[in-house]
Every structure is written in C-alpha cells, then in structure tokens.
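Visitor: got a sequence here, can you build the structure:
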Amino acid sequence: MDALRDRGQCALIPFITAGDPDLATTAKALQILDRSGADLIELGVPYSDPLADGPIIQAAATRALQQGTRLETVLEMLKEVSPSLKAPIILFTYYNPILNRGAAAFFKDIAAAGAKGIVIPDLPLEEVAQIMPAAQAAGIEIILLVAPTTPAERIEAIATQSQGFIYLVSVTGVTGMRTEVESRVQELLTTLHGLSDQAIGVGFGISQPSQARQVREWGADAVIVGSAFVKRLAEGSPEQGLQAIENFCRSLKAAIVD
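Guide: The predicted structure is shown next:
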C-alpha cells in the first residue's frame, strides 16, 4: 500500500466472508476482485460470535458455518487460489482461533496459505506484544484498528504499533452499510496523519462509490468496503453474485482514481 500512496493513489480493499455461499464461490470471488480493481482483499474467517460485525456479515458467517466452513478449509482454499492473485490477502479473524491453535502455529499456517496480513478486532492493544513476535517470524503484518471514540493518547500508541496500515473505523458501532460517512472521519484522518507516517485505511459503513470518493478526498490512503460486497455476493445465484461484485468493485475503483 505504501507504493500506491507514494504514487498518490488510494487503495481499494474489498471484504468478503469465506464460505458464503461456499468456498468454491469464495475462490472465484477472490480472483474476480483481484482483476476488477482490488489492491488488497480482506477475507473474513466465519466466526460464531462476531462482535464487530453487523447483521449482513453476521448472517454471511452463519451461512458459511452451516455449510461446514472452518479455518482449515478456508486455508486450504486460500493456498490453492493465492498464487494466482496479485492483491495481498488480509485475514479478518477474532482472537479465539489464534489462541486455540497457538500464535506461532497459527501465523505460520496462514502465511503458508498465502495471507500477508491480519485484522483481529477483539485483540486489545495491550496484548499485541504477546503475538507480534510470532507474526513477524511468519511475515504477517498485524493491522490495528482506531475507532472514533479512541482517546488521543491511545491513538498514538496504536499508530506506533500497527503494521501495514492503520485501520480507521469510520463509525461508532458494528459493520454495515450507512447512507453517510461520519464527518469526524476527516478530523481523525488529520490527527492520524499528524501522529504517524503509516498509511490509513477507512472502513465500516462505506457502501457507495460517492462515499469512497469522499473519504479519499478527506485523506484516506485506502477505502475498505465490506457489507456492500457481502450483500451483493449473497443475492441471487452464485453467478449473479459474482457478476454483481465485479461491477461494484469496478465502480468503487473508478470513484477513487483520478
């Protein structure tokens, strides 16, 4: 993402839930997003108690789990498809699977499958140091989140430790499509740019090309869009869903390119 920023370009990061409607469709979706303008792709590992996720992504995770999707099967699929992708894959998972497997084994396994980074929404800043050495040994970047309610001193600490980029949550609450992006995002972007030279990606609540363009104009280095992709992929047949996310991805990319 730094290379894109150095060229004055804003990155597009779509999010989809692995296994919804099935892993074969997920593999096709990754390839479609990769060729339709995605600069990085965030892949959600379905989880039974997704605290940060709104109803659309929660429902997708439930469907994926009911289909039998598990971390192992997600990694098997990713290992097959990742060599064909230009866009780096960022896994989105909660902390429990990491704790269950052990940090060293977990990061080694996801790196072997082709992941380059990870977002762990329920990992407190104070516990990052416990898993950072294992992630670094495997070549996995841990991307930390900043919320609109995060105090200034904590923002500075997060900005210092986040790798790859800083994930700025644009809303107070869970993921989901919003009609407007909170205006405080502009203020937070200015604050973060003053505290760190890290790239900043804005996510949660962005669902339209006009919103993507807005946050780019406010100074975002990347636009992260989740629920709007997950919703489109789940509508109609798998083929219709894949066509819908291709069209949507291209429209978002066009909105953030000069």
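Visitor: please make it C-alpha for all contacts and neighbour counts, starting now.
Guide: OK.
Visitor: quick one: mean pLDDT over the helix or strand where Asn247 lies.
Guide: Using DSSP states H and E, Asn247 sits within helix 238-256. When pLDDT is averaged along helix 238-256, the result is 97.
Visitor: can you give me the helices in this protein?
Guide: 2-6, 23-35, 55-66, 71-81, 95-101, 103-113, 125-138, 152-161, 184-195, 209-217, 227-234, 238-256 (DSSP state H).
Visitor: tell me which strands and helices the longest one is in contact with?
Guide: Right, the one you point to is helix 238-256. Using 3 or more CA pairs under 8 Å, 6 or more residues apart in numbering; DSSP states H and E, the elements in contact with helix 238-256 are strand 11-17, helix 23-35, helix 209-217, helix 227-234.
Visitor: for the shortest one, same thing?
Guide: Identification of packing neighbours for helix 2-6 by 3+ CA pairs under 8 Å, 6+ apart yields no helix or strand.
Visitor: which stretches of the protein aren't confidently modelled?
Guide: Segments of the chain classed as low confidence (criterion: pLDDT under 70) are 50-53, 171-183.
Visitor: report the central residue of it.
Guide: Glu42 (3.6 Å; CA atoms, centre = their mean).
Visitor: count the residues that sit near Arg70.
Guide: Arg70 has 17 neighbours, counted by other CA atoms under 10 Å.
Visitor: now it: how far from Tyr47?
Guide: Separation of Arg70 from Tyr47 (CA to CA, to the nearest Å): 9 Å.
Visitor: Glu153 now?
Guide: Glu153 is 31 Å from Tyr47, where distance means CA to CA.
Visitor: higher neighbour count, these two?
Guide: Tyr47 (22 against 9).
Visitor: can you get me a residue count around the nearest residue to the more buried one once chain neighbours are set aside?
Guide: Nearest residue to Tyr47, sequence neighbours excluded (CA to CA, 6 or more residues apart in numbering): Ala61, at 6.2 Å. Other residues lying near Ala61 total 27 when counted by other CA under 10 Å.
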